[in-house]
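>>> Show me the folded form of this:
(2 chains)
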Amino acid sequence: MGPRPHAGGRPSSLWAVPAISFFALFALFPMAVVVYLSFTKWSGIGAPVWSGTANWAKLTTDPQLSQSVRLSVLLTVVSWLLQTAICLPLGVYLAGHGRARALLAAVFFVPLLMSSAAIAILWAGLLDPNFGLASVLGPLVGVKDGNFIGDPQLAFWVIVTVVAWQFVPFHVLLYQGATRQIPVQLYEAARIDGAGRLRQFTSITLPQLRHTIITSSVLMLVGSLTYFDIVLILTGGGPGTATRILPLHMYLEGFRAFDMGYASVLAVLLLVVGTALSLVVTRVTGFNRMESQKEGL
Amino acid sequence: MTGTIGRRVASVAAVTVVGLTLAACGSSGPSATNSKAASGAGSVWVLTDASLNPVQQTSIDAFNKGATAKFTLSNYGNDPYKQKLQTAIGSPNQPDIFYNWGGGNLAQYVDAGQVADLTATLNANPGFRAKFIPSVLDVGKIHGKVYGLPMQGVQPVMMFANADVLKKAGIDTMAITWDGLLADVGKLKAAGVTPIALAGSQSWTELMWMEYLVDRIGGPEKFQAIVAGKAGAWSDPAVVGALTKVQDLVSAGAFGSNYSAVGYDNQGTQALIAGDKAGYELMGSWEVSSLNGSFPAFAKSAALEWGKFPTVAGGTGDPASLVGNPSNYYSVTQKSPNKAAAMKYLVDTLTSDTYAQGLMGIGQVPAITGLEKKVKTGTFAGFNAFTYALVGTAPSFTQSWDQALTAATSEKLLTNLQKIFLKEMTPRQFVAAMGS
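This is a model prediction of the structure:
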């Protein structure tokens, strides 16, 4: 007698135990601990001491908070706009066939192979104002002293650029793959109907990429919101506090100032905002309804 | 039937595996300590340092030969070390002997009851105690008791210069007064070089300027008041005056215009001064051995000069006073199962000729008295003798503020000071931000 099928033909929920245990141990449990720590005073030495809502009250008096929130929101929005504007057309272009495109694609994916730390150190070398590429290229673009990461106005835009440089290849890959999935019949039919390239792009490619656009956007939005490593290595939040985004503020409060309680408050804040953002995006766009894009094909 | 049973077995097995993993995670700490105590092995935690680690290893090997409790050396990078130590102290995985910075850094562990009091050990060994330079040993004292013993060379902050660059700008000797320094800044600027190399992206290098200026203007008491958390300590005229002088220097173009993008860890300032692109640099005495690693030709040349921080007219501080890292310290953890052996290791090692010789062999100047002749050895004999004399005659040796203050205050101080150097903040706003 073979295995008895369960209702709906799905395997028993017991099979999910390893995955759920893993998720519980490494995601849910730490989250619960962070919520607990946000109500304690703890420097990392000894045991946390219960301090009620003192850390949460500090949110209202922290002079750095508003700037960090503003920078994080700005980084998220700008990164999303910039990266989508680059990735979507590039992905669609690279989905076509041809030797030049293949070569470009191969070169283009290099950043994807490197760790964030390596990328940050590489860029730090390039951006050294006295000995890096910045000292040569700076004067050509109006930055005479090559002071890109040391200028409070420019440093943020440098971060936006480097983050885009790192993540554009990944999202291009998403769009390239998704574009290649679009059935050719659609384009053939469109051409018979006399649709031009632009019309094909707006009426077939874009609607067919809908799910990919949403996936890519959620990854970009939540990713930028919790972005951290390149900023830490490249500017450390400086000059001054010009690039001290919220996740970095959390890190510095926790692991430089050793105020784990307040850092936990910031962590909870990021957790809630990040989750809410991804829920809102999937709901508003109807992504969660999982409708087919290829009905009738 | 067999299918159902098979599946149940598999599920039970999966649950058991997860359960065991969880249990293993929970108990790995204590079991490690138990086995450690049983085998009589202790651990010494230090920072990774390619030249110092072998000296430490040699001393541990020598101690282990005749001892029942044997020690092992573990080394870590600077930032990871601070984080690891912070969470390991008091846990079953803590080291027996740990490297620290003395002062406020050590005080937090002492206040948490995690550090062994070494006063009795010192009293029992008066000869050992007398060998340490008193101003350096003092930084290992917390609330009047000794918790840390100097374990490496003294590291006062001093002024370095590239004599070739100075000469080209028409400067014969390094400035010894503040006004002289300002005049040199003008000359160096006119000569088309950065007058003073500053790694502004790492604000501890900027802190050195503030430390010395406050000391020269108001004496070491001003910072002692800040450490003690006295009301109005930050708003003292000496602090405001020092910050004003810092901004004068910035306005005069002393650091060039792109200093806030320059780093120290990537040899940004060293490349400037060694490459004839900057005149002066304020840095710790480790700069010489560090330059010797990155720019050996310059480090060994006559172009590299050093001197005291300039005097400030009208200041009440003693111009012989120093700031910097008096030393780094070894402390013993309170709950160490090998406490007696750990203390014996410290007494046997730290002032021994072999250890002192080892330190001098790598260009360090030990915090030990009576070495006037011996420090004049090696490639940098002249520099070592200068450093030793500087420390020996200093009426006070103020510890780097970011080590002496609590982590939270240091973090705030370093961030706000960077804003002072960027002129995003006035001295008054700085004082307000530091909480009076």
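>>> With adjacent residues omitted, what lies nearest to the residue in the stretch 251-400 of chain B positioned nearest to chain A?
Nearest residue of the stretch 251-400 of chain B to chain A: B:Ala261, at 2.8 Å (CB to the nearest CB). The way it works is simple: take the backbone N, C-alpha and C, and place the C-beta from them, glycine included. Distances taken as CB to CB, 6 or more residues apart in numbering or on different chains put A:Gly150 closest to B:Ala261, at 2.8 Å, once the chain neighbours are dropped.
>>> is it fair to say that neighbour lies in a helix?
No: applying DSSP: H, G, I helix; E, B strand; the rest coil, one finds A:Gly150 to be coil, outside a helix.
>>> So it versus B:Met210, what's the distance?
To B:Met210, A:Gly150 is 19 Å away according to CB to CB, to the nearest Å.
>>> Look at those two and report which has more neighbours.
Legend: neighbour count by other CB atoms under 10 Å in any protein chain shown for A:Gly150 and B:Met210, higher for A:Gly150 (27 against 23).
>>> which one is B:Leu118 nearest to, not counting chain neighbours?
Nearest to B:Leu118 is B:Val146, by CB to CB, 6+ apart, at 4.7 Å.
>>> The one you found: neighbouring residues, count only.
Neighbour number of B:Val146 under other CB under 10 Å is 21.
>>> Tell me if I'm right that it and B:Asp117 touch.
Yes: B:Val146 is within contact range of B:Asp117, at 7.3 Å (criterion: CB atoms under 8 Å).
>>> would you list every one of the strands in chain B?
Ranges of strands in chain B, per DSSP state E, are B:41-47, B:70-76, B:97-100, B:141-142, B:145-146, B:149-150, B:155-162, B:194-197, B:278-284, B:304-307, B:322-325, B:329-332, B:397-399.
>>> Pull out the buried positions in stretch A:116-123.
By neighbour count on 16 or more other CB atoms under 10 Å in any protein chain shown, the buried set for stretch A:116-123 is A:Ser116, A:Ile119, A:Ala120, A:Ile121, A:Trp123.
>>> what does stretch B:414-425 give?
Residues B:Leu414, B:Thr415, B:Asn416, B:Leu417, B:Gln418, B:Lys419, B:Ile420, B:Phe421, B:Leu422, B:Met425 are the ones in stretch B:414-425 that count as buried (16+ other CB under 10 Å).
>>> Same check on stretch A:61-68?
A:Asp62, A:Gln64, A:Leu65, A:Gln67, A:Ser68.
>>> anything in it near chain B?
Yes: using CB under 8 Å from any CB of the partner chain, stretch A:61-68 comes into contact with chain B via A:Pro63.
>>> Check the offset of that stretch from the chain's centre.
23 Å (CA atoms, centre = their mean, to the nearest Å).
>>> First-to-last residue distance for it?
14 Å (CA to CA, to the nearest Å).
>>> and the closest residue to B:Gln399 other than its chain neighbours, what does it touch?
Among residues not flanking B:Gln399 along the chain, B:Gly103 sits closest, at 4.6 Å (CB to CB, 6+ apart). For B:Gly103, the contacting residues are B:Val139, B:Val227, B:Gln399, B:Gln403, B:Ala404, by CB atoms under 8 Å, 6 or more residues apart in numbering or on different chains.
>>> The last one: neighbouring residues, count only.
Burial measure for B:Ala404: 23 neighbouring residues, criterion other CB under 10 Å.
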